[in-house]
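generate coordinates for the sequence data below:
(one chain, ligands or ions: 1)
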Amino acid sequence: MIEVRGISKRYREVTAVDGLSFQVRPGVVTGFLGPNGAGKTTTMRMILGLDAPSGGDALVLGVRYATLSAPMRAVGALLDAGAAHPRRTVRNHLVCLADSNGISRRRVDEVLGLAGLASVAGRRAGTFSLGMRQRLGIAAALLGDPAVLIFDEPVNGLDPEGILWIRTLMRDLAAEGRTVLVSSHLMSEMALTADHLVMIGRGRLIADTSTEEVLRAREVLARTPDARRLARALTAMGAQVRLDGEELTVTGATPEEVGRLAAAEGAVLHELTARRTSLEDAFMELTRADVEFGAAR
Ligand SMILES: Nc1ncnc2c1ncn2[C@@H]1O[C@H](COP(=O)(O)OP(=O)(O)OP(=O)(O)O)[C@@H](O)[C@H]1O
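From the prediction side, this is the model:
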């Protein structure tokens, strides 16, 4: 469990995070979304005790990160994929981290396997592609078998296979009962990976809700030769209807309600479709006022 409580971070002229509060629960993948400069990295750094908040605080497993006695065993984080020494081999990098945190070398082999790096364990980290560096960063995060995992933009620059691997890994880690917080601005990816979404803009909370709720259909499309009759009945029920020949686009009514009303009116339906919104659209709608560096639309 992660608890962010009224946290703020002010730099000289910039308020990067502004009184932000949310909780990240175990057992689900929580996506942390926001436009560039929204304050995602700063928030994650404050959770991990790397930046001091100007106000408020963040708790991991009920305490501040700085007071954890064995932080790597409690929290694993991927903030900067380039963090390994380029001349050190992959295994050596992980062994150094393990030794300085009282973690067994057997666990190093386990995480090499988990991250798909066993066959390249003797290679120097500096020769790695971005995708392999991400895998190494994730192997390091998993080293302490932590209950809480924090990943900042883990799929940045990855190919489809790498993206699928990360998605599956996140979901598996959550299914094991861990707390997983993952930031991204790849909306379609988050729609597939995250069960819950925390959206921020200009350092403030915009939405804290299930992915399902954000993506829930907002429009229903109905096609019927009795379009005018159905449109009248729907409007009388309080729904908004756009009529285009035989086609009705309905907001403010569920597909079940439209179907029931059509049956009651004797309107023959040729099509009834719930139009799910995309996460991109939902996000743009929610953050329209908060796009700091957005192009003029
Ligand atoms: N050390 C710093 N000094 C001054 N300003 C900073 C510092 N770190 C971050 N900022 C500013 O704080 C704001 C939030 O930055 P942050 O990196 O947390 O956003 P983000 O949501 O992670 O963005 P991105 O998606 O682009 O990575 C930005 O306006 C950024 O320029």
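
and the stretch 101-250 of the chain, which residues reach the ligand?
residue 185 (C-beta under 6 Å from any ligand atom). Placement of C-beta: from N, CA and C, glycine included.

can you give me the neighbour number for residue 280?
A count of neighbours around residue 280, defined by other C-beta atoms under 10 Å, yields 12.

the helix or strand that contains it and the ligand, are they touching?
Assigned by DSSP states H and E, residue 280 belongs to helix 279-287. No. For a cut-off given as C-beta under 6 Å from any ligand atom, helix 279-287 has no contacts with the ligand; the smallest distance is 11.4 Å.

and that helix, C-alpha only, in PDB?
Output of helix 279-287 as PDB, limited to C-alpha atoms (Å, rounded to 0.1, in the frame of the first residue of the first chain):
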ATOM      1  CA  LEU A 279      -8.400   6.200 -22.900                       C
ATOM      2  CA  GLU A 280      -6.800   8.900 -25.100                       C
ATOM      3  CA  ASP A 281     -10.200  10.600 -25.500                       C
ATOM      4  CA  ALA A 282     -11.100  10.300 -21.900                       C
ATOM      5  CA  PHE A 283      -7.700  11.600 -20.900                       C
ATOM      6  CA  MET A 284      -7.800  14.500 -23.300                       C
ATOM      7  CA  GLU A 285     -11.300  15.400 -22.000                       C
ATOM      8  CA  LEU A 286     -10.200  15.300 -18.400                       C
ATOM      9  CA  THR A 287      -6.900  17.100 -18.800                       C
END
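
may I see the buried residues of stretch 216-233?
Under the neighbour-count criterion of 16 or more other C-beta atoms under 10 Å, stretch 216-233 has 219-224, 227, 230-231, 233 buried.

likewise stretch 196-208?
So for stretch 196-208, counting by 16+ other C-beta under 10 Å, buried means 196-207.

same list (those residues) but as a markdown table, adding distance to residue 98, pLDDT and secondary structure.
Converted to a markdown table, the buried residues of stretch 196-208 look like this (distance: C-beta to C-beta, whole Å; pLDDT from 0 to 100; DSSP: H, G, I helix; E, B strand; the rest coil):
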| residue | distance to residue 98 | pLDDT | secondary structure |
| --- | --- | --- | --- |
| 196 | 32 | 96 | strand |
| 197 | 34 | 93 | strand |
| 198 | 32 | 94 | strand |
| 199 | 36 | 90 | strand |
| 200 | 34 | 90 | strand |
| 201 | 39 | 86 | strand |
| 202 | 40 | 87 | coil |
| 203 | 36 | 92 | coil |
| 204 | 39 | 92 | strand |
| 205 | 37 | 93 | strand |
| 206 | 39 | 88 | strand |
| 207 | 39 | 88 | strand |
